[in-house]
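Chemist: Could you work out the structure for the sequence below:
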Amino acid sequence: MKTTRKKANTGRLILLIVLLAAVIAAMFLLPNGEKKAAQEEPQTTEQTTNTSATESEMDPEVEASTLAKVGQKAPDFRVEMFDGTTQMLSDMEGKLVLVNFWATWCPPCREELKRVQTEVIDRFAGKEFIFLPISMGEKREAVAGFREKQGYTFPMGLDTDKSIYGKYATRFVPRNFLIGKDGRVISATAGYTPEEFDALIALIEKNL
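Modeler: Numbering: from 1, shown residues only. The predicted structure is shown next:
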């Protein structure tokens, strides 16, 4: 009798462990219906946050990691472009500038960049607007391979040591900072969702 009860208890325990394992697996493997909007640094590429918002609506972690605040003068920087030239942000005053920090390893960044040519560059061509995407923390070779694979030909900046990014934020990509003609930050967003990007395009249109 005792042996039978012991076997029954062991069977129940095994069943509970199997069920618990199934629940844990479901939590990690099943889609939650939301896009991963902002991705962490390369050493923690699996850690993401579903945040994509203006500064006033930001998740506390994203807000705390945003250094260039809305209304403040945008930190000046000199950036080496992919073609070997250099540009200064301060030389762009008088124009609306969208600074976009991205990385080749970041899926949301890649989704965002797919919309750039037609919906940003072509749409605002000839207007007082500059789109300035800056690769964060990657060597020129990595960016070159990515550009060739994707067929991108538009200008890109290189921030191999993250010194430029470090003036604007401490974590998360993609990051978009819309800088007004007076050199002040109009909008600071983190992450990518189609809705957020649509709102950013509308904001650019409004400020031109």
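
Chemist: From here on, just use CA atoms for contacts and neighbour counts.
Modeler: Noted.

Chemist: Quick test: name the residue nearest the centre of the protein.
Modeler: The chain has residue 174 as the residue nearest its centroid, 1.4 Å off, counting by C-alpha atoms, centre = their mean.

Chemist: Need phi/psi at that one.
Modeler: phi -70, psi 160 (degrees, to the nearest 10).

Chemist: separation between it and residue 127?
Modeler: Remark: distance between residue 174 and residue 127 (C-alpha to C-alpha, to the nearest Å) = 24 Å.

Chemist: repeat for residue 181
Modeler: Going from residue 181 to residue 127 by C-alpha to C-alpha gives 12 Å.

Chemist: And these two? Which one has more around it.
Modeler: residue 181 (18 against 10; other C-alpha atoms under 10 Å).

Chemist: Quick check, that one in contact with residue 93.
Modeler: Yes - Residue 181 is within contact range of residue 93, at 5.4 Å (criterion: C-alpha atoms under 8 Å).

Chemist: any common contacting residues for the two?
Modeler: Counting by C-alpha atoms under 8 Å, 6 or more residues apart in numbering, residue 181 and residue 93 have no common neighbour.

Chemist: so what are the domain limits for this structure?
Modeler: The chain is divided into the following domains under automatic domain parsing: 1-30, 38-207.

Chemist: ok, of these, where does mean pLDDT dip lowest?
Modeler: Mean pLDDT is lowest for domain 1-30 among these, at a mean of 54.

Chemist: from the middle of its chain, how far away would stretch 159-179 be?
Modeler: Relative to the chain's own centre, stretch 159-179 is displaced by 10 Å; criterion: C-alpha atoms, centre = their mean, to the nearest Å.

Chemist: Apologies, that question was intended for stretch 87-103.
Modeler: In terms of C-alpha atoms, centre = their mean, the centre of stretch 87-103 is found 17 Å from the chain centre.

Chemist: List the buried residues in it.
Modeler: Across stretch 87-103, burial judged by 16 or more other C-alpha atoms under 10 Å covers 89, 92, 95, 96, 97, 98, 99, 100, 101, 102, 103.
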